[in-house]
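**Student:** Got a predicted structure here, sequence first:
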Protein chains: 2
Amino acid sequence: MAHDHEGPLARLRRGHEELVLRQMRTHGPLNRADLGRLTGLSRTTLYDIVSALVDSGAVVATAPVPAERRRGRPVETLTLHRDAGQAIGIDFARRAVHVAAVNVAHEVIGSASAPHGAGLSWEKRVDLAARLVGGLAGGTLRLGALSGIGVGVVGPVHDALPTDASATDGSSVTGAASSTPRPHEDLPVLLRKRFGVPVLLDNNTRLAALAEATWGAAAGVQDVLYLRLSHGVGGGLVVGGALHRGARGLSGEFGHITAEPDGRRCSCGKDGCLETVASIGAVLDAHPGAGDLDAFLAALATDPAARRVLDGVGTRVGTVLAAVCNAVGPHVTVLGGELAEAGPALFEPVERALSAHLMPVSRPDIDLRPATLGEVGGALGAIALVLHDSPLLTRYHTPNSVE
Amino acid sequence: MAHDHEGPLARLRRGHEELVLRQMRTHGPLNRADLGRLTGLSRTTLYDIVSALVDSGAVVATAPVPAERRRGRPVETLTLHRDAGQAIGIDFARRAVHVAAVNVAHEVIGSASAPHGAGLSWEKRVDLAARLVGGLAGGTLRLGALSGIGVGVVGPVHDALPTDASATDGSSVTGAASSTPRPHEDLPVLLRKRFGVPVLLDNNTRLAALAEATWGAAAGVQDVLYLRLSHGVGGGLVVGGALHRGARGLSGEFGHITAEPDGRRCSCGKDGCLETVASIGAVLDAHPGAGDLDAFLAALATDPAARRVLDGVGTRVGTVLAAVCNAVGPHVTVLGGELAEAGPALFEPVERALSAHLMPVSRPDIDLRPATLGEVGGALGAIALVLHDSPLLTRYHTPNSVE
């Protein structure tokens, strides 16, 4: 349904298509007369738009049963096709591909994940993603009505493309060499060729933030701060219901806020970043007995030293979060990533530090929640990116729309 | 032109009026045929809308000179009326009222300020504001086309009304008693009664941020961080070209981010806030010889001790700004308020600390600028609030607009 570089007429047409689909999402099955009344479109325009939607597979036209065919032209009922995918999300994580899709009714119709080796080429990752997409909805997913693909990648995404050579991790910005091939500029081209629709690309941690604000722990909340404590420490801001990108795509880098002025050197090149204290690696370094994260999380039940380590981590996390909350004033703060699975042993010290460093007037409003979407959050967020970033909406986010 | 609680038809009509005005802002004087072509409105609708705009004083219809009256109906030229105010901004500061107005062409047609005693009643402040407005544009300002009034007040503004009893200062949130009457809930009612148009209200420091992003140091920049160093320390964020309010209107409270964990007790009730280090009062406390701010600023040229004080202030300011920049990723950071008049003696240590605590990948993008609008910034921002917050635009900032 969508096209790159479309002119004003094509854009108008897309607007009409979206208007018709929206009425069907709101009201359920309708006939052409209903749609004419609800949309205000002329009969000719509506005939055109509905035909295109039926051809694409987005809408099914059902003829009336014979008993209802009294006289005149039969009145067809138009229904959204539940297997017609409108948007696909793909998260190219460090060692796995996650996909998800929504239909034209904006219902999630499936998600899937597959792990892979760290060195897999971008061509093969795209193949893998296409296979996963092909298997969604029991293999019945129809792509004729596809309007776009959202893609999450590791590392900073400058504007529309990932161009930073140092991208290595879901959230960290490092100067170190990496075994992961970086998302070269051809990735959107590869995907465009494969699926034939526009591709939108962003950092996968930021997309996980958008997903939590759309379908997860902060569903429907306008202003959300999301922090992920994983191998890297990163996050994202949802502001006024929209993902905030920031200058050169560099917002949400909570992991690189200074947490300990005299702390360890971070992989980003500066000292004492939150990531040097609150990443999985930093926690395991501080409690070397555990060996791996699962063992560390299990030890929390019985080992006071493990709890003390996490208490210190929580204090640093809460102090940094308080600074950001004083600046941004989010309604809800979501804590995700594998370390968040520690539960109260992490959340309690975070809440204490938040309370100590928030303006007193804001303290009653603290609303800290665990993330709920798990590993497919990035792919779901990529879908939300497509649904938010339609050209019809983005123009209203620019100051020009005010003039 | 605007009305509270308007129904869908009135809203549609306002949309049409705004559409017509926008064409005239873009193209200059037009006739009805031009407008019909440019807006797509029917001849009947357009006749109605133009008549209303002429009646309100927003538009002037000029009859053709006789030589041009060949045959048929004369073709009138429609021109925006440069003295027709479309929006007024009023900043009720602690001891002064500032006003400004824009005409229907969105040109600032005047601003004015008047100081007053700290204890002046709200009724008298509204009188003062009305007198200042009456004197704008040489007393020729016409208010028939007025669509709204934006108002800046001291202290936090929760949602649409100032409800916090502890509001005392342009940017600080304190629990201390104050000699300034707080903006009680009747202020919007008083203004509505006086001017007969909708009233939008926000914190005046945040409005100054919006003004700098609209007409000042960061004009046209989408993402702006504004920090004001005055008697209080506060600020505001402009995100995607729109002022960010945050939960309960509590965003931009950079003055209450912890800058010194073991620092002085702040008026807000917690310890070591940036305001305890970087307000005018804190600076004068740290260099008691100066007496007042003007003397302190003058001493910077010759007194190394004064420069050291400001160096320490700049370091704290830059460290806090870096944390917020890592989180938000603004394109431009604007530093305002009386302390910013110190120039390089303040800006240099701020830039050094910013550079030390920003992610290395973001350092080349540092763009720190002095504010340019001075004391009328709050009133100008209140106008920008009205122009941004028309109902036609706000619905596109909600996630519902995506559905």
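**Tutor:** Good, I have the coordinates. Numbers count the residues shown, from 1 in each chain, chains lettered A, B, ... in the order given.
**Student:** Tell me, what's the model's pLDDT at A:Gly336?
**Tutor:** A:Gly336 carries a pLDDT value of 96.
**Student:** scratch that, A:Gly138 is what I was asking about
**Tutor:** 78.
**Student:** Isn't A:Ser230 up against A:Gly337?
**Tutor:** Yes - counting by C-beta atoms under 8 Å, A:Ser230 touches A:Gly337, with 3.8 Å between them. From N, CA and C alone the C-beta is placed, and that goes for glycine too.
**Student:** Mind jotting down where the helices sit in chain A?
**Tutor:** A:8-27, A:32-39, A:43-56, A:122-134, A:187-195, A:204-214, A:275-278, A:280-286, A:293-299, A:304-328, A:344-357, A:377-388, A:391-394 (DSSP state H).
**Student:** Single out the most deeply packed of those helices.
**Tutor:** helix A:204-214 (a mean of 31; mean count of other C-beta atoms under 10 Å in any protein chain shown).
**Student:** list the helices and strands it packs on?
**Tutor:** Contacts defined by 3 or more C-beta pairs under 8 Å, 6 or more residues apart in numbering or on different chains; DSSP states H and E place helix A:204-214 against strand A:85-92, strand A:148-153, strand A:224-229, strand A:233-239, strand A:242-243, strand A:332-336, helix A:377-388.
**Student:** Quickly, which of these bottoms out on average pLDDT?
**Tutor:** strand A:242-243 (a mean of 80).
**Student:** Is that strand positioned near chain B?
**Tutor:** Yes - contact of strand A:242-243 with chain B (C-beta under 8 Å from any C-beta of the partner chain) involves A:Ala242.
**Student:** helices or strands next to that strand in the packing?
**Tutor:** On a contact count with 3+ C-beta pairs under 8 Å, 6+ apart, strand A:242-243 meets helix A:204-214, helix A:377-388.
**Student:** Those helices into JSON lines, with extra columns for distance to A:Ala286?
**Tutor:** Below are the helices and strands packed on strand A:242-243 laid out as JSON lines (distance: least, C-beta to C-beta, whole Å):
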{"stretch": "helix A:204-214", "distance to A:Ala286": "23"}
{"stretch": "helix A:377-388", "distance to A:Ala286": "27"}
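**Student:** so which of those gets nearest A:Leu35?
**Tutor:** helix A:377-388 (21.5 Å; C-beta to C-beta).
**Student:** what about the closest one, distance to the chain center?
**Tutor:** Centroid separation for helix A:377-388 versus its chain: 4 Å, with C-alpha atoms, centre = their mean, to the nearest Å.
**Student:** Which other helices and strands does it contact?
**Tutor:** Against helix A:377-388 (3+ C-beta pairs under 8 Å, 6+ apart) you get strand A:85-92, strand A:96-103, strand A:108-115, strand A:148-153, strand A:199-203, helix A:204-214, strand A:242-243.
**Student:** With respect to burial, which of those scores highest?
**Tutor:** By mean count of other C-beta under 10 Å, these have helix A:204-214 as the most buried, with a mean of 31.
**Student:** so who does the residue of the stretch 301-403 of chain A found nearest chain B touch?
**Tutor:** Nearest residue of the stretch 301-403 of chain A to chain B (C-beta to the nearest C-beta) works out as A:Gly329 at 2.3 Å. Residues in contact with A:Gly329, defined by C-beta atoms under 8 Å, 6 or more residues apart in numbering or on different chains, are A:Asp223, A:Ser362, B:His244, B:Arg245, B:Gly246, B:Ala247, B:Arg248, B:Gly249, B:Leu250, B:Ser251, B:Gly252, B:Glu253.
**Student:** do that again at 7 Å, thanks
**Tutor:** By C-beta atoms under 7 Å, 6 or more residues apart in numbering or on different chains, A:Gly329 lies in contact with A:Asp223, B:Gly246, B:Ala247, B:Leu250, B:Ser251.
**Student:** quick one, phi/psi of the closest residue to it other than its chain neighbours?
**Tutor:** Leaving aside its sequence neighbours, A:Gly329 sits nearest to B:Gly246 (C-beta to C-beta, 6 or more residues apart in numbering or on different chains; 2.3 Å). Main-chain torsions, B:Gly246, degrees, to the nearest 10: phi 80, psi 170.
**Student:** Output the set of residues of the stretch 1-150 of chain A in proximity to chain B.
**Tutor:** A:Arg22, A:Arg25 (C-beta under 7 Å from any C-beta of the partner chain).
**Student:** do that again at 10 Å, thanks
**Tutor:** Counting by C-beta under 10 Å from any C-beta of the partner chain, the stretch 1-150 of chain A comes close to chain B at A:Glu18, A:Arg22, A:Arg25, A:Thr26, A:His106.
**Student:** among those, which two are most distant?
**Tutor:** A:Glu18 and A:Thr26 (12.4 Å).
**Student:** Tell me, domain by domain, which residues of chain A belong where.
**Tutor:** Listed domain ranges for chain A are A:8-80, A:85-208+A:377-402, A:220-372 (source: automatic domain parsing).
**Student:** Using a markdown table, lay out those domains together with distance to B:Ala322.
**Tutor:** Below are the domains of chain A laid out as a markdown table (distance: least, C-beta to C-beta, whole Å):
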| stretch | distance to B:Ala322 |
| --- | --- |
| domain A:8-80 | 41 |
| domain A:85-208+A:377-402 | 14 |
| domain A:220-372 | 7 |
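**Student:** Which of those domains has the lowest mean pLDDT?
**Tutor:** Among the domains of chain A, domain A:85-208+A:377-402 scores lowest, at a mean of 73.
**Student:** give me phi/psi at the residue of the stretch 301-403 of chain A closest to chain B?
**Tutor:** Dihedral pair for A:Gly329: phi 60, psi 60, per degrees, to the nearest 10.
**Student:** how much space between it and B:Leu237?
**Tutor:** Separation of A:Gly329 from B:Leu237 (C-beta to C-beta, to the nearest Å): 9 Å.
**Student:** Name the residues contacting each of these two.
**Tutor:** Counting by C-beta atoms under 10 Å, 6 or more residues apart in numbering or on different chains, the shared contacts of A:Gly329 and B:Leu237 are A:Val239, B:His244, B:Arg245, B:Gly246, B:Ser251, B:Gly252.
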